[in-house]
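Peer 1: Could you look at this predicted model? Sequence included:
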Amino acid sequence: MQNSLDLFAPPPAEPIAIGPDAWLLKGFAHAQADELFAQIGQIEQQVAFRHQVTPGGHAMSSAQCSCGTYGWVTDKRGYRYTREDPLTGQPWPAMPASFRELAVQAAARVGFAGFDPQSCLINKYQTGASMGLHQDKDEQDLAAPIVSVTLGAPIKFLFGGLLRSDKPSRWLLEHGDVVVWGGVSRLFFHGVAPLGKKAVHPVTGAVRYNLTFRRVLS
Ligand code: MD6
Ligand code: FE
């Protein structure tokens, strides 16, 4: 259904500050969710979700793939961005226009006008999957924000500080929620708690998708 025709759609929520230059936009992607799911389905036909291995030798519990000019890759050699899928040698699928527009609009909503993402990492979480506290620091361009979109089952997001030891605050990320951060908090530690056994969504079941948009090169 077109959201513009949906008389029962909630009004757009005000951004919630979760840290300095860091914002939670509740429901920001709700109206576009069906289109985003359709595009994820298209991408799944072109590229495989895989459990990448960290330099320490551990398989990540979320399955990942990328779209856009660059994809985020990890293996025993380290973290980096590549133009080609290392599994196939083929370029990553193009970033769908609907993905880009959502990320650009979310960034602009909280003051990051002109965000021009080059990469979208797609994470697929099943029950019990999590992501430990980490910094996003494999990008050359640290002036650009990061835009993170939750689709499907809800999860608890942990948002800390510049030190790994900083106690994180916890935020429930639900279907359609978007987190944008940059500036002062661009390198803050963050992660997600294990996807709960009861976490479900009518469309995805016990699966959460996360789209993380980044600018890689300055
Ligand atoms: C996730 N997110 O939400 C994991 N990184 O599944 C991230 O690691 C992340 O949500 C940078 C900015 C936003 C994020
Ligand atoms: Fe991250």
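Peer 2: Yep, that arrived. Ligands and ions are numbered 1, 2, ... in the order given.
Peer 1: now stretch 85-105, how far from the chain's geometric center?
Peer 2: The chain centroid and the centroid of stretch 85-105 are separated by 13 Å under Cα atoms, centre = their mean, to the nearest Å.
Peer 1: Make 38 the first number, not 1, from now on.
Peer 2: Taking 38 as the first residue, the last one we looked at is stretch 122-142.
Peer 1: Quick one: mean pLDDT over that stretch.
Peer 2: Mean pLDDT, stretch 122-142: 98.
Peer 1: which residues touch it?
Peer 2: Residues outside stretch 122-142 that contact it (Cβ atoms under 8 Å, 6 or more residues apart in numbering) are 65-66, 69, 72-73, 76, 79-80, 83-85, 87, 102-108, 110, 112, 120-121, 152-154, 156-157, 184, 186, 215, 248, 250. Just so you know, the C-beta spots here come from the backbone N, C-alpha and C atoms, and that holds for glycine as well.
Peer 1: Buried only: go through those residues for me.
Peer 2: Burial of the contacts of stretch 122-142 was assessed by neighbour count (16 or more other Cβ atoms under 10 Å); the buried members are 65-66, 69, 72-73, 76, 80, 84, 102-108, 110, 152, 154, 156-157, 184, 186, 215, 248, 250.
Peer 1: Just the ones of these in helices?
Peer 2: Members of the buried ones among the contacts of stretch 122-142 lying in helices (criterion: DSSP state H): 72-73, 76, 80.
Peer 1: Could you single out the nearest of those to Trp208?
Peer 2: Of all these, Leu73 has the smallest distance to Trp208: 20.6 Å, by Cβ to Cβ.
Peer 1: Hmm, the closest one is touching His212, no?
Peer 2: No. Applying Cβ atoms under 8 Å, one finds Leu73 not in contact with His212, separated by 10.4 Å.
Peer 1: Mutual contacts of those two, please.
Peer 2: With Cβ under 8 Å, 6+ apart, Leu73 and His212 have common neighbours Leu188.
Peer 1: If you drop the residues flanking it in sequence, what lies closest to Val147?
Peer 2: Counting by Cβ to Cβ, 6 or more residues apart in numbering, Val147 lies nearest to Trp60, which is 4.3 Å off, once chain neighbours are set aside.
Peer 1: For my notes, please list the ones in helices among the buried ones among the contacts of stretch 122-142 in CSV and give pLDDT and distance to ligand 1 for each entry.
Peer 2: Below are those laid out as CSV (pLDDT from 0 to 100; distance: Cβ to the nearest ligand atom, whole Å):
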residue, pLDDT, distance to ligand 1
Glu72, 98, 20
Leu73, 98, 15
Gln76, 98, 18
Ile80, 98, 17
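Peer 1: Kind regards, and thank you for your time.
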